[in-house]
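Chemist: Quick one: sequence and predicted model below, then my questions.
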Amino acid sequence: MKTYHPFSGLALLTCLCFSLTSGNLAAAEPAKAQQTQISKASAEMAAVAKRWLASLTEEQRKQATFALDDKERTNWHFIPDFAIKSGGRQGLPMTQMTPQQQIFAVTLPATALSHRGYLEMMSIRALEQVLFEQEGKEHRNPELYYVSVFGTPDAKGTWGWRFEGHHLSVNVTIVDGKKFSVTPSFFGSNPATVKEGPLKGVEVLQQEQQLALNLVKSFNPDQLAIATIDTSAMDQKLLAKSVIKEVITSDDPVADKGLFTYQGIQYADMDPKQQKMLLNLVNAYLGRFRPELLKGTNYLGNLRDGDHLYFAWSGGQKRGEFHYYRIQSKTFLIEFANTQNDANHVHATWRDFDGDFGRDLLSEHFKNHHQK
């Protein structure tokens, strides 16, 4: 049976990338120290992007690079290539890179992701080999992931990049080398838990799954009744658009706040233990990124205040039962769906209503620097 390129050089790369990402930052750092860490992260991303771009041929660079304001920047997808209808997925695929170029390509997300986030990313890619062995379809390929750079990489500049393929979309925007946006962030896993073969037992998005199950199982009957939502009306709207029961925001360029009302149980209606569980669940999504990057986002690090958070649940409470949850605040939305393949196929996304692709940061940047 055919086996795809077994990540040549990536075992060594993993060690390199893990040395680039740091451990947890102290809860309360002096502002100057935080800014130093933020600047270091910005410089590392720019350096890696420049090295990767320098390794490409002129033709490859044309395929890999776009203007910062190109409409392609918001044309993101998490579905397989064959399912993308309008022009296909853009950027330079790893299938068209040399082994050396591939090494630099995967080092770019390693400068943005945490240890766990990078492991999740690489594991998602590895699952494409599992799917290929099950299905024998050519689009199941661990190297069918694309890299795109928007604008000119600069340690103190304003630019962005994307690493994307099936079940994965990492989108980072850097503004003035000191402010970051890391949404939309999409990580998916099929299978959610590998049932057989060399990776048997691997559960890539284990935290996003188990922390939510633990929380919903902790609710008393009254809390569960409040938390449980009926998604049937929205399901019908999605089906009318030929979209499977799924994360509601899908791969739309903007996460439309109008699609959602504040439903579910509020943070204030949970006991202290449950409140901590909810914050831990939110931070499982934020924690895919290295602490230095989070310090430079509007979130200023891990979430510590759950005010205005709502947690909503739909479906069963056991593994093997379809379920969906979302966490909503005034500024962001987290969605998790395990509604395919006998509840063994997960989609988990983090969106920012105003800040996806750094829209809010870029608006402020252009207002301050480009208007007289």
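Modeler: Happy to help now that I have it. Source: prediction; values computed, not measured.
Chemist: Can you list the residue ranges for strands in the stretch 101-250 of the chain?
Modeler: 145-150, 159-165, 168-175, 179-181, 185-189 (DSSP state E, counting those that start in this stretch).
Chemist: Take those strands and lay them out in CSV including mean pLDDT.
Modeler: Below are these laid out as CSV (pLDDT from 0 to 100):
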stretch, mean pLDDT
strand 145-150, 98
strand 159-165, 98
strand 168-175, 97
strand 179-181, 97
strand 185-189, 97
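Chemist: so can I have JSON lines of those strands showing mean neighbour count and distance to A225?
Modeler: C-beta here means a position set from N, CA and C on the backbone, and glycine is covered the same way. JSON lines is the format used below for the strands of the stretch 101-250 of the chain (neighbours: other CB atoms under 10 Å; distance: least, CB to CB, whole Å):
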{"stretch": "strand 145-150", "mean neighbour count": "24", "distance to A225": "43"}
{"stretch": "strand 159-165", "mean neighbour count": "24", "distance to A225": "39"}
{"stretch": "strand 168-175", "mean neighbour count": "24", "distance to A225": "35"}
{"stretch": "strand 179-181", "mean neighbour count": "24", "distance to A225": "37"}
{"stretch": "strand 185-189", "mean neighbour count": "24", "distance to A225": "30"}
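Chemist: Nearest to E196, out of these?
Modeler: Proximity to E196 (CB to CB) singles out strand 185-189 among the strands of the stretch 101-250 of the chain, at 15.7 Å.
Chemist: partners of the closest one in the sheet?
Modeler: Strand 185-189 has the following strand partners under DSSP bridges: strand 168-175 (antiparallel), strand 346-352 (antiparallel).
Chemist: a markdown table for these, including distance to A31?
Modeler: Shown next, in a markdown table, are the strands paired with strand 185-189 (distance: least, CB to CB, whole Å):
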| stretch | distance to A31 |
| --- | --- |
| strand 168-175 | 18 |
| strand 346-352 | 23 |
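Chemist: Can you check which of those strands gets nearest to T193?
Modeler: Ranked by CB to CB, the member of the strands paired with strand 185-189 that lies closest to T193 is strand 346-352, at 9.2 Å.
Chemist: Can you name the residues that contact V247?
Modeler: Applying CB atoms under 8 Å, 6 or more residues apart in numbering to V247 gives the contacts E335, F336, A337, H347, A348, T349.
Chemist: Hmm, L224 is touching K217, no?
Modeler: No: at 9.1 Å, L224 and K217 do not qualify as touching, with contact defined as CB atoms under 8 Å.
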